[in-house]
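Peer 1: please find the sequence and the predicted model below.
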Amino acid sequence: MINTLKNHIVTYPTPQNITYFWSFGFLAGFILFNQILTGLFLAMYYMNTTDNAFDSVEFIMRNVNYGWFIRYLHSNGASFFFIILYLHIGKGLYYKSYMYPRQNIWYSGMLIFILVMGTSFLGYVLPWGQMSFWGATVITSLVTVIPFIGENIVNWVWGGYSVGNPTLMRFFVIHYLLPFIILACVMLHLILLHIPGSSNPLSFDKKNEKITFFPYFYFKDFFSLIVLLIFFIYIVCYMPNLFNHADNYIKANPMSTPKHIVPEWYFLPFYAILRAISNKSVGIILFAISLGIFFFLPTLCSFSSKALYSSIDCILNYLENITINLIKIISKLSIDSNNLKHILKSSNTFVIMKKKIYDLKPVEYQDEFEVLNIEYSLVKFKNFNSNVDETWYYSNVLFYRQIFWILVVVFAALGYIGQLEVNTVTIELGQDFTVLYFLIIFMLGFTDKIFINLFGILVFLMYFMGLFFTGFFFNIEIDYEKLIEFKNL
């Protein structure tokens, strides 16, 4: 047992080039611990009835020693949790950490994200303010779109014909239990992570390029934690209501509907998608797809690195066969030496094969010679990893990351639209950005498949241009000493 723990938290081999972006997982674990601990203390004083819930929260804030501090740690901790989760997911998207062999890590991480969203929604209802009550009413009413049984399910969830005391009690119990389920999922997430190992910015998996997790990354994570705590404590002490809605400090009143019902800020992009569609059923389906589509990213990006390189290898093998036939034709022709040298120009950019030209025989003019024999010495892409691989990787990554940043902008725009009042303009904007959102995610998924075709076409064009004009794809060894002797004859 001790050796197992040591292998996972002390001697765990970690890529030495990972950056502070890889600290978000640790920071998310710290915030989860904060939420569980502060939630336990709050549950000691909270009363889960519609008559006393709002007053019990105020009692914690005003009469319990440091109750205000614990409550604000918990409420602002939820916002910080989502900030870190969005950054953590963004890092995974940016560096394509969901690709083989880490697709199971991605699946478990997205499951954790969905559970955290559900837990935060249930927790938002518990203070029993105006936004809590009406948010619960609006969101739970979405279940009514299920044919035939939707109304019955909603009434079962409510415990009646409207959101009331049974609803609050059930939400409290589930909100109390879910963090421990999330904790179990986090442990599974870590186990799945340690099977293939951590990813890194350069996407290599060489064991000789890794170092032990302790002490190097302990200090790195500890520094990240200090920076997080500085911002976290500052918000809690000086701006505790920065992420909270003012209407939630008004006790829930079923007879008074707020002018503008909005969820917490971290739900706004998805809320904008939901309300952008006038048809309720279609809106809910798109809302569900907007979350679930991330589960299918590893499937959409079904090309593994090995498959991609095999595809490129097939292209280059085909070009190699063409080259051999062309060289055979050239060997039977009398060609101006300058032109031949120009055609067979040595290049360090792309190395497909290496050949040796010898047995130069003088012909009628001194500036011409005939290639009598060519010895083919095929090299199995000895510079493939340093040339074609790099060109493919960096070009594809550049294209992919440009799409990623567009997705970030669209997601932020949806969040901004979600907090605006409902009118014709905001609905049309929401529809436009919803289409962009799904289009860009599909482009992320199909980037490799799109780019492999573009890359293949580009290779063919560059190859033939290089063959006949610059020798761009050749690294042919020519005996220039014999050529010079020949020219001096």
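Peer 2: Received, thanks. Here the structure is a predicted model, which is why all the values come from computation and not from measurement. Numbering: from 1, shown residues only.
Peer 1: list the contacts of the residue most central in space within the chain.
Peer 2: The residue at the geometric middle of the chain, judged as the C-alpha nearest the mean C-alpha position with Cα atoms, centre = their mean, is residue 93 (1.5 Å). With contacts defined as Cβ atoms under 8 Å, 6 or more residues apart in numbering, the neighbours of residue 93 are 297, 404, 407, 444. To be clear about C-beta, it is placed using only N, CA and C from the backbone, and glycine gets the same treatment.
Peer 1: and which of these is nearest to residue 415?
Peer 2: Nearest to residue 415 among the contacts of residue 93: residue 407, at 12.7 Å, using Cβ to Cβ.
Peer 1: would you map out the domains in this protein?
Peer 2: 2-199+210-261, 303-489 (automatic domain parsing).
Peer 1: comparing the ones you listed, which yields the minimum mean pLDDT?
Peer 2: Comparing these by mean pLDDT, the weakest confidence falls on domain 303-489, with a mean of 59.
Peer 1: thought residue 113 was touching residue 84?
Peer 2: No - using Cβ atoms under 8 Å, residue 113 is not in contact with residue 84; the gap is 11.3 Å.
Peer 1: when these two are compared, which one has more neighbours?
Peer 2: Here residue 113 and residue 84 are compared on neighbour count by other Cβ atoms under 10 Å; more neighbours surround residue 84, at 21 against 18.
Peer 1: list the buried ones in the helix or strand the more buried one falls within?
Peer 2: Secondary structure assigned from DSSP states H and E places residue 84 in helix 67-94. By neighbour count, and taking 16 or more other Cβ atoms under 10 Å as the criterion, the buried residues in helix 67-94 are 67-86, 88-94.
Peer 1: ditto for stretch 269-284
Peer 2: Within stretch 269-284, the residues that count as buried by 16+ other Cβ under 10 Å are 269-277, 283-284.
Peer 1: surely residue 230 is in a strand?
Peer 2: No - counting by DSSP: H, G, I helix; E, B strand; the rest coil, residue 230 is not found in a strand; it is helix.
Peer 1: which residues does it contact?
Peer 2: Residues touching residue 230, when contacts are defined by Cβ under 8 Å, 6+ apart, are absent altogether.
Peer 1: next one: residue 41
Peer 2: Applying Cβ under 8 Å, 6+ apart, one finds that residue 41 lies in contact with residue 70.
Peer 1: same deal with residue 32?
Peer 2: Shown in contact with residue 32 (Cβ under 8 Å, 6+ apart): 81, 179, 182-183, 186.
Peer 1: for residue 245, same thing?
Peer 2: When contacts are counted by Cβ under 8 Å, 6+ apart, residue 245 touches 131, 262, 264.
Peer 1: can we see that at 10 Å?
Peer 2: Residue 245 is in contact with 124, 129-132, 135, 258, 260-265, 419, counting by Cβ atoms under 10 Å, 6 or more residues apart in numbering.
Peer 1: which of those are buried?
Peer 2: For those, burial is judged from neighbour counts taken by 16+ other Cβ under 10 Å, and it is met by 124, 129-132, 135, 258, 261-265.
Peer 1: in helices only, show me the residues you listed.
Peer 2: Counting by DSSP state H, the members of the buried ones among the contacts of residue 245 that fall within helices are 124, 130-132, 135.
Peer 1: after the strand or helix carrying residue 288, which helix or strand is next?
Peer 2: Taking DSSP H and E as the definition, residue 288 sits inside helix 280-292. The C-terminal neighbour of helix 280-292 among helices and strands, as given by DSSP H and E, is helix 297-300.
Peer 1: need the contact partners of that following helix.
Peer 2: Contact partners of helix 297-300, identified using Cβ under 10 Å, 6+ apart, comprise 92-93, 96, 98-100, 102-107, 110, 293, 304, 441-449.
Peer 1: just the buried residues of those residues.
Peer 2: 92-93, 96, 98-99, 102-107, 110, 293, 441, 443-445, 447-448.
Peer 1: identify those among these that sit within helices.
Peer 2: Among the buried ones among the contacts of helix 297-300, DSSP H puts 92-93, 103-107, 110, 441, 443-445, 447-448 in helices.
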